[in-house]
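Novice: A structural model of the following input is requested.
(one chain, ligands or ions: 1)
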Amino acid sequence: MSSVEVRAYAEPDYDACRALWVMLTDHHREIYDAPNIGGDDPGKGFDDFLADDRMNGAWVAEVDGAVAGLAGLYVAHGAPELEPLVVHPGHRNQGVARALVDVVTGECRTRGFSYLSVNPVARNLQAIGAYKSLGFDVVGDVELLLWLGDRERRWIDDVVIGDIRLQR
Ligand SMILES: CC(C)(COP(=O)(O)OP(=O)(O)OC[C@H]1O[C@@H](n2cnc3c(N)ncnc32)[C@H](O)[C@@H]1OP(=O)(O)O)[C@@H](O)C(=O)NCCC(=O)NCCS
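Specialist: Numbers count the residues shown, from 1 in each chain. From the prediction side, this is the model:
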């Protein structure tokens, strides 16, 4: 298997990382069956990420010299968050996310943080499964939505916290 090398994001990675951001958006569009997520230019999310004051670091994973994954560290009000984490579909299940998360976790330890959070949408079971394997096995805040949008949106009624049943 090819080895994974993680290094800090640099400007020449821009196009590859913007494309990864589009793949991340496509994944969300697919799981919610909502083609409007991310708007007309979903790669703009990456531009917003680079410009965000909370952005405290970005790393890319290279496999055979090509960018295969992207991870970022947001820090707001002293709280660190892994955002984003995305691996190119052609390189998944090869330890790329693990290599990126190891580096972000190391950075958090160096900075003296006592935890690192990640906030996947509740519909993203693939990512939640991967995060659990990567050590994110404690639930912190839970964001609940009072849905005001289109009534056609179908929710899945299978989330249980304590004995409280919720939808995702
Ligand atoms: C989630 C994602 C980042 C995982 O990347 P990856 O490089 O395939 O993950 P790794 O190969 O490093 O696997 C890490 C661990 O997660 C596990 N894992 C990976 N995909 C999994 C899944 N779908 N369900 C359960 N566990 C999974 C692996 O088995 C591994 O655990 P192990 O070492 O104990 O076997 C990748 O699937 C992805 O980019 N998904 C689309 C974008 C996305 O949803 N990002 C998260 C947004 S919050």
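Novice: what is the lengthiest strand in the chain packed up against?
Specialist: Counting residues, the longest strand found in the chain (DSSP state E) is strand 66-76. Secondary-structure packing of strand 66-76 (3 or more Cβ pairs under 8 Å, 6 or more residues apart in numbering; DSSP states H and E): helix 14-32, strand 55-63, strand 79-87, helix 96-110. The C-beta positions use only the backbone N, C-alpha and C, and glycine is treated the same way.
Novice: that strand pairs with which strands?
Specialist: Neighbouring strands of strand 66-76 in its sheet, by DSSP bridges, are strand 55-63 (antiparallel), strand 79-87 (antiparallel).
Novice: ok, back up a step: mind putting the helices and strands packed on strand 66-76 in a markdown table, mean neighbour count, mean pLDDT and distance to residue 117 included?
Specialist: Shown next, in a markdown table, are the helices and strands packed on strand 66-76 (neighbours: other Cβ atoms under 10 Å; pLDDT from 0 to 100; distance: least, Cβ to Cβ, whole Å):
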| stretch | mean neighbour count | mean pLDDT | distance to residue 117 |
| --- | --- | --- | --- |
| helix 14-32 | 17 | 97 | 18 |
| strand 55-63 | 20 | 98 | 13 |
| strand 79-87 | 21 | 98 | 5 |
| helix 96-110 | 18 | 98 | 10 |
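Novice: mind putting these in CSV, distance to the ligand included?
Specialist: Putting these into CSV (distance: least, Cβ to the nearest ligand atom, whole Å) gives the following:
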stretch, distance to the ligand
helix 14-32, 4
strand 55-63, 8
strand 79-87, 4
helix 96-110, 3
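Novice: those: which one's closest to residue 154?
Specialist: helix 14-32 (9.6 Å; Cβ to Cβ).
Novice: so which residue of this structure comes closest to the ligand?
Specialist: residue 129 (2.7 Å; Cβ to the nearest ligand atom).
Novice: how about the contacts made by that residue?
Specialist: Listed by Cβ atoms under 8 Å, 6 or more residues apart in numbering, residue 129 has no contact partners.
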